[in-house]
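Show me how the following folds:
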Amino acid sequence: MRTSWGATWRRSAVALALLLCAPAWAQIWGYVDRGGATHFSDHRVDNRYELFYKGIADSSPVAGGQRSAAWARPGVGAAFDVSTRYKAVRYLIREAATAYGVEYELLKAVIATESGFNPRAVSPMGAVGLMQLMPETAQRFGVKAQARQSVEQRLTDPRTNVHAGARYLAWLMKRFDGEIELALAAYNAGEGAVRRAGRQVPNYRETQDYVAKVMRLHQDLRPPKAVLRQRADAREAIARKEAVPVAAL
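Take a look at the predicted model:
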């Protein structure tokens with residue numbers, strides 16, 4: 001009997017890393033062999049392969065001219081739950097999200113898309129770590145070279161990287177008036193590219209696919225509305241408490 005995709009995906013942290021490191025527009029096909037090993041490809045090699053991730057649907061335009069990504073099968077949250085790389089840094093993601101006011105699921109989606117939770121990932125352009133920060137950007141947001149460590153080396157430290165990336169993302173959110181798609185586009189292509197595009201997602205294939213993938217993953221990871229309301233209520237309660245004059249305490 002063929003092993004079900006749902007069960008295999010829940011067991012396979014390797015599969016998760018492969019999926020999330022793939023280009024945003026790629027389809028992902030795969031199958032499980034008799035020995036339990038998972039095989040992936042960006043196309044259907046033969047009849048054993050089944051579609052797991054649909055990639056970008058060119059015929060489904062959304063706001064700003066972007067294409068929408070679609071998960072072929074459910075269970076994204078369960079996949080994260082078995083990823084050892086994700087579990088090793090989730091407390092740092094929550095810590096940074098709280099510190100800089102970035103939604104936890106959004107930060108999680110960005111890291112998943114950027115690096116697949118690999119703290120030592122380095123792009124061909126020189127972006128480093130979990131949030132794939134360029135050293136120059138990291139310096140702008142508080143990462144300084146130390147006596148025995150360059151900025152690049154410091155960015156391989158998960159906490160340093162996540163905090164700098166979250167601070168940058170929070171700054172972008174504020175700069176673009178809370179518009180998540182524009183903040184993500186700027187994170188990928190730079191603030192200047194978004195400005196030159198008239199405060200729209202630039203007409204770059206890579207950037208549009210990146211924004212679409214992160215937005216889809218963000219929505220898939222968001223908790224139920226009741227949980228979101230509880231979070232909002234908690235933030236309001238904290239804000240009211242902080243607004244109480246000292247004399248009234």
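
How about the secondary structure of Asn118?
Here Asn118 is recorded as coil under DSSP: H, G, I helix; E, B strand; the rest coil.

Skipping its backbone neighbours, what lies nearest it in space?
Arg85 (6.4 Å; CB to CB, 6 or more residues apart in numbering). The way it works is simple: take the backbone N, C-alpha and C, and place the C-beta from them, glycine included.

If you rank every helix and strand of the chain by mean pLDDT, what lands last?
strand 67-71 (a mean of 40; mean pLDDT, DSSP states H and E).

Might you list the low-confidence residue ranges for the protein?
The model of the chain has pLDDT under 70 over residues 1-43, 50-82, 224, 227-228, 231, 235, 237-249.

wait, the residue nearest to Asn118 sits on Phe117?
Yes. Judged on CB atoms under 8 Å, Arg85 makes contact with Phe117 at a distance of 3.7 Å.

Neighbour count: these two, which is higher?
Between Arg85 and Phe117, counted using other CB atoms under 10 Å, the more crowded position is Phe117 (26 against 22).

how much space between that one and Met125?
Phe117 sits 20 Å away from Met125, going by CB to CB, to the nearest Å.

so where do the strands sit in this protein?
28-32, 38-41, 50-61, 67-71 (DSSP state E).

Next, count neighbours for Met134.
17.

Apart from its chain neighbours, what residue comes closest to it?
Distances taken as CB to CB, 6+ apart put Ala127 closest to Met134, at 5.3 Å, once the chain neighbours are dropped.

what sits against the one you found?
Shown in contact with Ala127 (CB atoms under 8 Å, 6 or more residues apart in numbering): 114, 133-134.

Narrow these to those in helices?
The helices, defined by DSSP state H, take in Glu114 from those.

okay, the contacts of Ala127 in TSV with distance to Asp46 next?
Listed next are the contacts of Ala127 as TSV, based on distance: CB to CB, whole Å:
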residue	distance to Asp46
Glu114	32
Leu133	40
Met134	40
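
residue contacts, the closest residue to Leu184 other than its chain neighbours?
Of all residues not flanking Leu184 in the chain, Val211 sits nearest, at 4.8 Å (CB to CB, 6+ apart). Contact partners of Val211, counting by CB under 8 Å, 6+ apart, are 66, 181, 184-185, 188, 201.

just the buried members of these?
Taking 16 or more other CB atoms under 10 Å as the criterion, what is buried in the contacts of Val211 is 66, 181, 184-185, 188, 201.

And the helices in the protein?
Ranges of helices in the chain, per DSSP H, are 5-11, 13-21, 76-82, 84-100, 104-115, 135-140, 151-154, 158-175, 180-189, 191-196, 205-221, 225-243.

and the ones you listed as JSON lines, adding distance to Tyr49?
Listed next are the helices of the chain as JSON lines, based on distance: least, CB to CB, whole Å:
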{"stretch": "helix 5-11", "distance to Tyr49": "11"}
{"stretch": "helix 13-21", "distance to Tyr49": "13"}
{"stretch": "helix 76-82", "distance to Tyr49": "19"}
{"stretch": "helix 84-100", "distance to Tyr49": "25"}
{"stretch": "helix 104-115", "distance to Tyr49": "23"}
{"stretch": "helix 135-140", "distance to Tyr49": "38"}
{"stretch": "helix 151-154", "distance to Tyr49": "38"}
{"stretch": "helix 158-175", "distance to Tyr49": "34"}
{"stretch": "helix 180-189", "distance to Tyr49": "30"}
{"stretch": "helix 191-196", "distance to Tyr49": "36"}
{"stretch": "helix 205-221", "distance to Tyr49": "21"}
{"stretch": "helix 225-243", "distance to Tyr49": "36"}
